[in-house]
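A.B. asks: kindly generate the corresponding structure for this input.
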Amino acid sequence: MANRTIPVVDLSKFVNGNPAEKKAFVDKLGEAFHDIGFVGVINHGIPKYLIEGFYDSSREFFNLSLDNKSKYEVPGLAGQRGYTSFGKEHAKQSEVADLKEFFQIGQTVTDNDPIKEQYPDNLKVAEIPLFSYMGRELYAAFEESGSHLLRAIAIHLDLGDDYFDKHIKNGNSILRSIYYPPIKNEPKTAIRAEQHEDINLITLLVGASAGGLELLTKEDKWVAITPEEDEIVINVGDMLQRLTNNYLKSTTHRVVNPPKEKWHLPRLSIPFFLHPRSTMDLSCLEKCVSDKNPIQYESITAGAYLDERLREIGLKK
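C.D. replies: The predicted structure is shown next:
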(Lines give C-alpha, C1' and ligand atoms only; values in the text may rest on other atoms or scores of the structure.)
Protein backbone atom coordinates (compact mmCIF):
# COMPACT_ATOMS: atom_id res chain seq x y z
CA MET A 1 0.00 0.00 0.00
CA ALA A 2 1.19 3.50 -0.86
CA ASN A 3 1.29 6.06 1.90
CA ARG A 4 -2.27 7.38 2.02
CA THR A 5 -2.53 11.15 1.96
CA ILE A 6 -6.24 11.24 1.14
CA PRO A 7 -9.17 9.11 2.37
CA VAL A 8 -10.59 6.35 0.17
CA VAL A 9 -14.26 5.44 -0.34
CA ASP A 10 -16.01 2.54 -2.10
CA LEU A 11 -18.61 3.86 -4.58
CA SER A 12 -20.32 0.46 -4.83
CA LYS A 13 -21.39 0.89 -1.19
CA PHE A 14 -23.39 3.95 -2.24
CA VAL A 15 -24.75 2.62 -5.53
CA ASN A 16 -25.66 -0.90 -4.35
CA GLY A 17 -25.33 -0.78 -0.58
CA ASN A 18 -27.91 -0.96 2.20
CA PRO A 19 -29.08 2.28 3.93
CA ALA A 20 -26.35 2.08 6.58
CA GLU A 21 -23.61 1.60 3.95
CA LYS A 22 -24.99 4.49 1.88
CA LYS A 23 -25.04 6.78 4.90
CA ALA A 24 -21.49 5.82 5.85
CA PHE A 25 -20.35 6.57 2.29
CA VAL A 26 -22.06 9.98 2.25
CA ASP A 27 -20.58 10.90 5.64
CA LYS A 28 -17.04 9.89 4.70
CA LEU A 29 -17.19 11.58 1.27
CA GLY A 30 -18.61 14.79 2.74
CA GLU A 31 -16.01 14.85 5.51
CA ALA A 32 -13.16 14.32 3.01
CA PHE A 33 -14.39 17.06 0.70
CA HIS A 34 -14.93 19.46 3.60
CA ASP A 35 -11.54 18.77 5.20
CA ILE A 36 -9.14 18.28 2.30
CA GLY A 37 -11.12 18.51 -0.97
CA PHE A 38 -9.73 15.22 -2.38
CA VAL A 39 -10.76 11.58 -2.02
CA GLY A 40 -9.78 8.27 -3.62
CA VAL A 41 -12.61 6.11 -5.01
CA ILE A 42 -12.54 2.35 -5.57
CA ASN A 43 -15.20 0.22 -7.31
CA HIS A 44 -16.06 3.34 -9.31
CA GLY A 45 -17.67 1.50 -12.22
CA ILE A 46 -15.37 2.82 -14.96
CA PRO A 47 -14.23 -0.18 -17.01
CA LYS A 48 -10.50 -0.82 -17.00
CA TYR A 49 -10.45 -1.61 -20.73
CA LEU A 50 -11.77 1.90 -21.50
CA ILE A 51 -9.15 3.56 -19.33
CA GLU A 52 -6.32 1.50 -20.82
CA GLY A 53 -7.66 1.85 -24.36
CA PHE A 54 -7.89 5.62 -24.09
CA TYR A 55 -4.42 5.84 -22.55
CA ASP A 56 -2.95 3.78 -25.38
CA SER A 57 -4.68 5.75 -28.14
CA SER A 58 -3.76 9.04 -26.40
CA ARG A 59 -0.09 8.06 -26.53
CA GLU A 60 -0.51 7.36 -30.24
CA PHE A 61 -2.05 10.79 -30.78
CA PHE A 62 0.64 12.74 -28.93
CA ASN A 63 3.33 10.79 -30.79
CA LEU A 64 2.02 12.16 -34.10
CA SER A 65 4.01 14.93 -35.74
CA LEU A 66 3.19 18.50 -34.71
CA ASP A 67 1.86 19.15 -38.22
CA ASN A 68 -0.59 16.27 -37.84
CA LYS A 69 -1.66 17.24 -34.31
CA SER A 70 -2.09 20.88 -35.31
CA LYS A 71 -4.82 19.90 -37.77
CA TYR A 72 -6.99 19.32 -34.71
CA GLU A 73 -6.33 22.72 -33.08
CA VAL A 74 -9.36 24.91 -33.81
CA PRO A 75 -9.00 28.71 -33.47
CA GLY A 76 -11.79 30.37 -31.52
CA LEU A 77 -12.80 27.35 -29.42
CA ALA A 78 -10.59 28.25 -26.44
CA GLY A 79 -9.30 24.69 -26.41
CA GLN A 80 -12.73 23.31 -25.53
CA ARG A 81 -12.61 20.77 -28.35
CA GLY A 82 -9.66 19.12 -30.02
CA TYR A 83 -5.96 19.82 -29.58
CA THR A 84 -4.21 22.59 -27.65
CA SER A 85 -0.52 22.83 -28.40
CA PHE A 86 2.34 23.03 -25.91
CA GLY A 87 2.67 26.15 -23.80
CA LYS A 88 -0.79 27.68 -24.36
CA GLU A 89 -2.31 27.30 -20.87
CA HIS A 90 -1.13 28.78 -17.58
CA ALA A 91 -2.47 28.94 -14.03
CA LYS A 92 -4.61 32.03 -13.41
CA GLN A 93 -2.04 33.64 -11.09
CA SER A 94 0.94 32.82 -13.35
CA GLU A 95 2.28 34.28 -16.58
CA VAL A 96 4.46 31.21 -17.20
CA ALA A 97 2.91 28.50 -19.36
CA ASP A 98 2.56 24.94 -18.06
CA LEU A 99 4.76 22.27 -19.63
CA LYS A 100 1.95 20.40 -21.37
CA GLU A 101 -0.24 19.92 -24.43
CA PHE A 102 -3.71 18.38 -24.42
CA PHE A 103 -6.76 17.18 -26.33
CA GLN A 104 -10.34 17.78 -25.15
CA ILE A 105 -13.57 15.89 -25.82
CA GLY A 106 -16.93 17.42 -24.90
CA GLN A 107 -20.57 16.50 -24.59
CA THR A 108 -22.37 14.47 -27.28
CA VAL A 109 -26.09 15.31 -27.23
CA THR A 110 -28.26 12.48 -28.56
CA ASP A 111 -31.78 13.34 -27.36
CA ASN A 112 -32.75 16.48 -29.33
CA ASP A 113 -31.99 18.69 -26.32
CA PRO A 114 -31.76 22.25 -27.74
CA ILE A 115 -28.57 22.76 -25.70
CA LYS A 116 -26.79 20.91 -28.52
CA GLU A 117 -26.56 24.25 -30.34
CA GLN A 118 -24.26 25.54 -27.58
CA TYR A 119 -21.70 22.76 -28.04
CA PRO A 120 -19.15 22.52 -30.84
CA ASP A 121 -18.81 19.11 -32.46
CA ASN A 122 -16.07 16.82 -31.21
CA LEU A 123 -13.14 16.31 -33.53
CA LYS A 124 -12.46 12.84 -34.87
CA VAL A 125 -8.80 11.99 -35.28
CA ALA A 126 -8.59 10.35 -38.70
CA GLU A 127 -5.22 8.73 -38.02
CA ILE A 128 -6.43 7.01 -34.82
CA PRO A 129 -10.16 6.11 -35.00
CA LEU A 130 -9.93 4.27 -31.66
CA PHE A 131 -8.93 7.52 -29.91
CA SER A 132 -12.28 9.16 -30.69
CA TYR A 133 -14.31 6.01 -29.98
CA MET A 134 -12.62 5.24 -26.65
CA GLY A 135 -12.85 8.89 -25.64
CA ARG A 136 -16.61 8.98 -26.23
CA GLU A 137 -17.17 5.75 -24.29
CA LEU A 138 -14.91 6.80 -21.41
CA TYR A 139 -16.68 10.19 -21.25
CA ALA A 140 -20.03 8.42 -20.76
CA ALA A 141 -18.59 6.16 -18.04
CA PHE A 142 -17.15 9.15 -16.18
CA GLU A 143 -20.50 10.93 -16.42
CA GLU A 144 -22.25 7.95 -14.85
CA SER A 145 -19.82 7.67 -11.93
CA GLY A 146 -19.78 11.43 -11.47
CA SER A 147 -23.56 11.54 -11.23
CA HIS A 148 -23.50 9.03 -8.35
CA LEU A 149 -20.88 11.11 -6.53
CA LEU A 150 -22.92 14.29 -6.95
CA ARG A 151 -26.01 12.50 -5.58
CA ALA A 152 -24.00 11.61 -2.48
CA ILE A 153 -22.79 15.22 -2.19
CA ALA A 154 -26.37 16.49 -2.53
CA ILE A 155 -27.46 14.18 0.31
CA HIS A 156 -24.55 15.40 2.43
CA LEU A 157 -25.70 18.99 1.83
CA ASP A 158 -29.29 18.01 2.68
CA LEU A 159 -30.49 19.06 -0.79
CA GLY A 160 -32.17 15.78 -1.80
CA ASP A 161 -30.31 13.23 -3.90
CA ASP A 162 -31.60 14.55 -7.24
CA TYR A 163 -30.52 18.19 -6.76
CA PHE A 164 -27.78 18.10 -9.40
CA ASP A 165 -29.53 15.75 -11.87
CA LYS A 166 -31.20 18.40 -14.03
CA HIS A 167 -28.10 20.60 -13.95
CA ILE A 168 -25.68 17.94 -15.22
CA LYS A 169 -27.97 16.31 -17.82
CA ASN A 170 -26.17 17.08 -21.10
CA GLY A 171 -23.81 19.26 -19.06
CA ASN A 172 -20.72 20.98 -20.39
CA SER A 173 -18.25 18.40 -19.03
CA ILE A 174 -14.82 17.89 -20.57
CA LEU A 175 -12.62 14.80 -20.92
CA ARG A 176 -9.03 15.99 -21.24
CA SER A 177 -6.03 13.91 -22.26
CA ILE A 178 -2.91 15.76 -21.07
CA TYR A 179 0.61 15.02 -22.31
CA TYR A 180 3.65 16.36 -20.47
CA PRO A 181 6.60 15.77 -22.85
CA PRO A 182 10.07 14.79 -21.66
CA ILE A 183 11.92 17.77 -20.14
CA LYS A 184 14.95 18.50 -22.32
CA ASN A 185 16.30 21.72 -20.81
CA GLU A 186 16.35 23.28 -17.36
CA PRO A 187 12.91 24.93 -17.04
CA LYS A 188 13.14 28.65 -16.22
CA THR A 189 10.36 28.75 -13.67
CA ALA A 190 7.78 26.43 -15.12
CA ILE A 191 6.62 23.12 -13.69
CA ARG A 192 4.44 20.62 -15.51
CA ALA A 193 1.29 22.22 -14.08
CA GLU A 194 1.54 25.23 -11.78
CA GLN A 195 -0.60 25.30 -8.63
CA HIS A 196 -4.27 25.84 -9.43
CA GLU A 197 -7.84 24.94 -8.55
CA ASP A 198 -10.23 23.32 -11.03
CA ILE A 199 -13.09 25.36 -12.49
CA ASN A 200 -15.89 22.77 -12.47
CA LEU A 201 -18.11 20.99 -9.90
CA ILE A 202 -15.91 17.92 -9.38
CA THR A 203 -12.97 16.37 -11.22
CA LEU A 204 -12.52 12.62 -11.70
CA LEU A 205 -8.93 11.57 -12.42
CA VAL A 206 -7.62 8.14 -13.28
CA GLY A 207 -4.05 7.35 -12.26
CA ALA A 208 -1.42 9.10 -14.37
CA SER A 209 1.40 7.29 -16.17
CA ALA A 210 3.89 8.92 -13.78
CA GLY A 211 3.84 10.66 -10.40
CA GLY A 212 3.97 14.35 -9.68
CA LEU A 213 0.47 15.25 -8.49
CA GLU A 214 0.52 17.14 -5.18
CA LEU A 215 -2.13 18.89 -3.09
CA LEU A 216 -1.77 21.80 -0.68
CA THR A 217 -3.04 21.03 2.81
CA LYS A 218 -4.72 23.48 5.20
CA GLU A 219 -1.31 23.69 6.90
CA ASP A 220 0.23 24.99 3.64
CA LYS A 221 2.18 21.78 3.13
CA TRP A 222 2.49 20.09 -0.28
CA VAL A 223 1.82 16.33 -0.14
CA ALA A 224 2.01 13.81 -2.98
CA ILE A 225 -1.11 11.97 -4.11
CA THR A 226 -0.38 8.46 -5.33
CA PRO A 227 -3.57 6.57 -6.29
CA GLU A 228 -3.61 2.80 -5.95
CA GLU A 229 -4.19 0.69 -9.05
CA ASP A 230 -7.87 0.73 -10.13
CA GLU A 231 -8.54 3.80 -7.99
CA ILE A 232 -9.65 7.21 -9.24
CA VAL A 233 -9.08 10.49 -7.44
CA ILE A 234 -11.93 12.98 -7.04
CA ASN A 235 -11.56 16.62 -6.09
CA VAL A 236 -13.89 19.55 -5.51
CA GLY A 237 -13.87 22.32 -8.12
CA ASP A 238 -14.46 26.04 -7.77
CA MET A 239 -18.10 25.82 -8.89
CA LEU A 240 -18.97 23.52 -5.99
CA GLN A 241 -16.94 25.69 -3.62
CA ARG A 242 -18.89 28.78 -4.74
CA LEU A 243 -22.22 26.99 -4.47
CA THR A 244 -21.45 25.86 -0.90
CA ASN A 245 -19.93 29.23 0.13
CA ASN A 246 -16.54 27.60 0.87
CA TYR A 247 -18.03 24.74 2.94
CA LEU A 248 -16.69 22.22 0.41
CA LYS A 249 -13.12 23.11 -0.45
CA SER A 250 -11.61 23.47 -3.91
CA THR A 251 -8.13 22.32 -2.99
CA THR A 252 -5.04 23.80 -4.61
CA HIS A 253 -2.97 21.21 -6.49
CA ARG A 254 -0.12 21.04 -8.98
CA VAL A 255 2.00 18.63 -11.03
CA VAL A 256 5.69 18.97 -10.20
CA ASN A 257 8.61 18.07 -12.41
CA PRO A 258 10.22 14.67 -11.78
CA PRO A 259 13.77 14.26 -10.45
CA LYS A 260 16.35 15.12 -13.12
CA GLU A 261 17.18 11.46 -13.76
CA LYS A 262 13.56 10.98 -14.87
CA TRP A 263 13.26 14.06 -17.09
CA HIS A 264 13.35 11.80 -20.15
CA LEU A 265 10.04 10.20 -19.13
CA PRO A 266 6.84 11.81 -20.42
CA ARG A 267 3.66 11.92 -18.32
CA LEU A 268 0.11 11.23 -19.50
CA SER A 269 -2.92 12.13 -17.40
CA ILE A 270 -6.68 11.77 -18.02
CA PRO A 271 -8.96 14.04 -15.96
CA PHE A 272 -12.73 14.39 -16.43
CA PHE A 273 -13.99 17.84 -15.50
CA LEU A 274 -17.65 17.49 -14.56
CA HIS A 275 -19.46 20.71 -15.49
CA PRO A 276 -23.17 21.53 -15.26
CA ARG A 277 -25.23 23.17 -17.98
CA SER A 278 -24.20 26.79 -18.52
CA THR A 279 -27.52 28.04 -17.09
CA MET A 280 -26.93 26.61 -13.60
CA ASP A 281 -27.09 29.32 -10.94
CA LEU A 282 -23.99 29.18 -8.72
CA SER A 283 -25.39 31.55 -6.09
CA CYS A 284 -24.36 30.46 -2.60
CA LEU A 285 -26.86 28.04 -1.04
CA GLU A 286 -28.82 29.68 1.77
CA LYS A 287 -28.05 26.78 4.10
CA CYS A 288 -24.32 27.45 3.63
CA VAL A 289 -24.61 31.11 4.65
CA SER A 290 -24.53 32.19 8.32
CA ASP A 291 -23.34 34.99 10.56
CA LYS A 292 -20.05 33.13 10.95
CA ASN A 293 -19.82 32.47 7.20
CA PRO A 294 -21.42 35.36 5.29
CA ILE A 295 -21.78 35.21 1.50
CA GLN A 296 -18.32 34.99 -0.06
CA TYR A 297 -19.25 35.20 -3.74
CA GLU A 298 -21.43 37.21 -6.13
CA SER A 299 -24.18 35.38 -8.00
CA ILE A 300 -23.07 34.05 -11.39
CA THR A 301 -24.11 31.32 -13.82
CA ALA A 302 -21.87 28.37 -14.58
CA GLY A 303 -21.48 29.54 -18.18
CA ALA A 304 -20.40 33.06 -17.23
CA TYR A 305 -18.00 31.72 -14.62
CA LEU A 306 -16.40 29.28 -17.08
CA ASP A 307 -15.96 32.10 -19.60
CA GLU A 308 -14.28 34.27 -16.97
CA ARG A 309 -11.87 31.52 -15.93
CA LEU A 310 -10.94 30.53 -19.51
CA ARG A 311 -9.76 34.12 -20.02
CA GLU A 312 -7.78 34.03 -16.77
CA ILE A 313 -5.85 30.90 -17.79
CA GLY A 314 -5.05 32.17 -21.28
CA LEU A 315 -7.24 29.89 -23.40
CA LYS A 316 -9.74 32.62 -24.33
CA LYS A 317 -8.81 36.10 -25.52
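
A.B. asks: just checking, what packs against the helix or strand bottoming out on mean pLDDT in the chain?
C.D. replies: Every helix and strand of the chain was ranked by mean pLDDT, DSSP states H and E. The lowest is strand 193-196, at a mean of 80. Counting contacts by 3 or more Cβ pairs under 8 Å, 6 or more residues apart in numbering; DSSP states H and E, strand 193-196 is packed against strand 253-255. Glycine gets a C-beta too; all of them are placed from N, C-alpha and C.

A.B. asks: parallel or antiparallel, list what pairs with whichever helix or strand comes after the strand it packs on.
C.D. replies: With elements assigned by DSSP states H and E, the helix or strand that comes after strand 253-255 is strand 267-274. Using DSSP bridges, the strands paired with strand 267-274 are strand 174-180 (antiparallel), strand 202-206 (antiparallel).

A.B. asks: now residue 217, nearest residue through space, not along the chain?
C.D. replies: Closest residue to residue 217 apart from its sequence neighbours, by Cβ to Cβ, 6 or more residues apart in numbering: residue 223 at 6.1 Å.

A.B. asks: what does residue 172 give?
C.D. replies: In space, and not counting its chain neighbours, residue 172 is closest to residue 275: 4.1 Å by Cβ to Cβ, 6+ apart.

A.B. asks: confidence score at that neighbour?
C.D. replies: Note on residue 275: pLDDT of 97.

A.B. asks: surely it meets residue 305?
C.D. replies: No. Applying Cβ atoms under 8 Å as the test, residue 275 and residue 305 come out as separate, 9.9 Å apart.

A.B. asks: so those two - more neighbours on which side?
C.D. replies: Comparing residue 275 with residue 305 by other Cβ atoms under 10 Å, the one with more neighbours is residue 275, at 25 against 20.

A.B. asks: hang on, the earlier thing: mutual contacts of residue 275 and residue 305, please.
C.D. replies: When contacts are counted by Cβ atoms under 8 Å, 6 or more residues apart in numbering, residue 275 and residue 305 are jointly contacted by 199, 239.

A.B. asks: so how far is residue 303 from the residue nearest to residue 172?
C.D. replies: From residue 275 across to residue 303, the span is 9 Å (Cβ to Cβ, to the nearest Å).

A.B. asks: before we move on, what about residue 82?
C.D. replies: 20 Å.

A.B. asks: same question, residue 287
C.D. replies: 24 Å.

A.B. asks: tell me the buried residues in the strand or helix carrying residue 137?
C.D. replies: For residue 137, the enclosing helix or strand under DSSP H and E is helix 129-156. Using 16 or more other Cβ atoms under 10 Å as the test for burial, helix 129-156 gives 131-132, 134-136, 138-139, 141-143, 145-146, 148-156.

A.B. asks: swap in stretch 264-275?
C.D. replies: 267-275.

A.B. asks: from those residues, pick the one nearest residue 160.
C.D. replies: residue 274 (18.8 Å; Cβ to Cβ).

A.B. asks: neighbouring contacts of stretch 136-153?
C.D. replies: Here stretch 136-153 has contacts from 11, 14-15, 25-26, 29-30, 33, 41, 44-47, 50-51, 53-54, 105, 107-108, 122, 161-162, 164-165, 168, 173, 175, 201-202, 204, 232, 234, 240, 248, 270, 272, 274, using Cβ under 8 Å, 6+ apart.

A.B. asks: swap the cut-off to 6 Å and go again
C.D. replies: 14-15, 26, 29, 44-46, 50, 54, 105, 161, 164, 175, 204, 272, 274 (Cβ atoms under 6 Å, 6 or more residues apart in numbering).

A.B. asks: spit out the contact partners of the nearest residue to residue 51 once chain neighbours are set aside.
C.D. replies: Computed as Cβ to Cβ, 6+ apart, the closest residue to residue 51 that is not its neighbour in sequence is residue 206, at 5.2 Å. Going by Cβ under 6 Å, 6+ apart, residue 206 touches 51, 232, 270.

A.B. asks: what's opposite the last one in the beta bridge?
C.D. replies: Which is residue 270. Beta-bridge partners of residue 270, counted by DSSP bridges, are residue 206.

A.B. asks: having no further points to raise, I will conclude here.
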